Every structure is written in C-alpha cells, then in structure tokens.
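In: Would you be able to build a 3D model of this:
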Amino acid sequence: MKLFYILLILSSAICAFGQKDQPAEDVHASLLTGKKRSLIAYTEKDHSFTLEVPGHQAKPSDVPGFITIDHQIVQSTLVPVDQSINVNAMTTDREKEILGKYMNYELEYYKKKLREDYSHLQTEWVTLRGRLFLVWYYDMPKNNQLVNRQIYLSTLFFGQVMDLNAPVFKAQDFDKARDILLRLATSMKTYDKQLDLTALARKLNKE
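Out: From the prediction side, this is the model:
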C-alpha cells in the first residue's frame with residue numbers, strides 16, 4: 001500500500017506542467033505485448049509514437065499507468081506544453097529552454113504542493129537518433145524506505161512533453177533503470193498519423 005501511494009505521488013508530480021493549481025489528468029502510453037517483442041505506444045489524431053521494449057519480460061504493473069520491464073517499474077507520460085509554442089519552428093536552445101522549464105516546474109510542484117523533498121539533482125543532455133532528451137534524476141529523502149532515487153528522460157513530442165520515468169528502489173539498480181530508459185528512448189519512432197493500436201497489437205502477436 002505504501003509503494004502504491006509513493007508511485008501515485010510521483011505520477012501526480014509529473015502531470016503538473018501547464019496547470020496553475022492542479023495536475024492535469026494522467027495520459028499514459030500503452031503497453032502492447034507480443035510473442036517475440038513488445039512496444040510502448042501512444043496515438044492521437046495526427047501524431048503517434050512507439051518505443052521498443054528491451055528484452056521480453058514486460059507486463060503491466062500492479063499500479064495503474066506503470067509498466068514493469070525486467071522487474072523495473074517504468075512510466076511513459078504525456079504532458080501538454082504551452083499551446084502558444086510553435087513546435088514546428090524549434091531550435092535546440094528553445095527545446096532546452098522548454099524542457100528545463102518543464103523539469104523545474106515539476107520539481108517545484110513536487111516540493112511545494114506535494115510537500116515531498118529531494119536532493120542531489122543532476123541533469124544531462126543526450127541526443128538519441130537525432131532527438132534531444134533531458135536526463136534528470138535526484139535522490140529521495142533518507143526517510144523514504146522504499147524509493148532510493150528517481151530518474152526521468154524528457155523530450156518534446158509535438159505539443160507535449162513525452163516523459164519516461166522510473167523509481168529506483170535500491171541504489172545499485174540505478175544503472176539498470178537508466179539503461180532501460182535510454183534504450184526505450186533510443187528506439188522511439190514517431191508517425192504523423194493516428195496508429196491503430198488494436199491492429200498493431202494483433203500484428204505483434206502474429207510475429
């Protein structure tokens with residue numbers, strides 16, 4: 001029960017961007033499992049993306065909105081950005097500005113609104129197959145006996161931030177969690193159309 005509560009707090013924090021007082025409703029990508037491979041997929045009217053799940057051990061987590069990959073809990077969340085931003089005319093500096101603002105907003109919401117603390121925030125920029133990601137992670141309070149650290153990979157997906165995040169329960173599992181998120185991010189494919197996720201799931205099961 002305590003783990004469920006902590007993950008809900010982490011989920012709530014990541015949905016705060018763009019909202020003045022309360023987080024937006026959760027929007028998560030879906031897990032599509034097949035016989036030989038699995039995908040995390042998201043679709044809307046004009047845009048979609050898929051992420052190739054590393055390994056074969058992927059399943060929905062007991063906590064809604066989360067996925068378990070090789071015993072590591074992972075979440076893929078979509079958060080709207082300012083609708084006045086022209087996502088079709090984006091420089092690298094502007095991307096960094098938006099993603100940095102997103103990270104700072106979420107951290108402020110997490111600390112002030114949810115009254116949860118963190119320490120040792122670290123950030124890095126990585127470019128994976130031409131797509132810019134902000135990698136950020138921090139330590140959880142020492143009195144938190146379940147989650148040791150939290151790690152995020154954030155990128156712009158048209159008018160939204162696509163955020164991959166993972167709670168790290170033991171310090172020695174940090175590299176594993178980071179590697180899973182990086183492999184997911186590296187596999188990201190985008191489409192300028194709406195995907196039929198039901199048909200895609202059937203295809204995966206036939207492969």
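
In: Return the residues in contact with the residue most central in space within the chain.
Out: In the chain, the C-alpha closest to the average C-alpha coordinate belongs to Leu164, at a distance of 1.9 Å (CA atoms, centre = their mean). For Leu164, the residues meeting the contact criterion (CB atoms under 8 Å, 6 or more residues apart in numbering) are 51, 74-76, 152-154, 181, 184-185. Glycine gets a C-beta too; all of them are placed from N, C-alpha and C.

In: Reformat these as a markdown table; add secondary structure, pLDDT and distance to Met140.
Out: Compiled in a markdown table, these are given as follows (DSSP: H, G, I helix; E, B strand; the rest coil; pLDDT from 0 to 100; distance: CB to CB, whole Å):
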| residue | secondary structure | pLDDT | distance to Met140 |
| --- | --- | --- | --- |
| Leu51 | strand | 97 | 25 |
| Val74 | strand | 94 | 17 |
| Gln75 | strand | 92 | 16 |
| Ser76 | strand | 93 | 21 |
| Tyr152 | strand | 96 | 13 |
| Leu153 | strand | 97 | 18 |
| Ser154 | strand | 97 | 19 |
| Leu181 | helix | 97 | 17 |
| Leu184 | helix | 97 | 22 |
| Ala185 | helix | 97 | 22 |
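
In: Can you pull out the low-pLDDT segments for this structure?
Out: Within the chain, the stretches falling below the threshold (pLDDT under 70) are 1-26, 56, 114.

In: switch to 80 and redo it
Out: Low-confidence segments of the chain, defined by pLDDT under 80: 1-26, 55-57, 62-65, 82-89, 112-116, 143-145.

In: quick one: buried residues of the top helix by length along it?
Out: Here the longest helix in the chain is taken by residue count, with DSSP state H as the criterion, and it is helix 92-108. Within helix 92-108, the residues that qualify as buried are 95, 98-99, 102-103, 105-107, counting by 16 or more other CB atoms under 10 Å.

In: Quickly note the distance from the residue nearest to Thr190 when sequence neighbours are not counted to Asn88.
Out: Using CB to CB, 6 or more residues apart in numbering and skipping residues adjacent in sequence, the residue nearest Thr190 is Phe49, 4.7 Å away. Here Phe49 is placed at a distance of 17 Å from Asn88 (CB to CB, to the nearest Å).

In: And Leu164, by the same measure?
Out: 24 Å.

In: circling back to that earlier point, need the buried residues of helix 92-108 in JSON lines (columns: distance to Pro141).
Out: Output for the buried residues of helix 92-108, formatted as JSON lines (distance: CB to CB, whole Å):
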{"residue": "Glu95", "distance to Pro141": "31"}
{"residue": "Ile98", "distance to Pro141": "29"}
{"residue": "Leu99", "distance to Pro141": "25"}
{"residue": "Tyr102", "distance to Pro141": "23"}
{"residue": "Met103", "distance to Pro141": "19"}
{"residue": "Tyr105", "distance to Pro141": "21"}
{"residue": "Glu106", "distance to Pro141": "17"}
{"residue": "Leu107", "distance to Pro141": "14"}
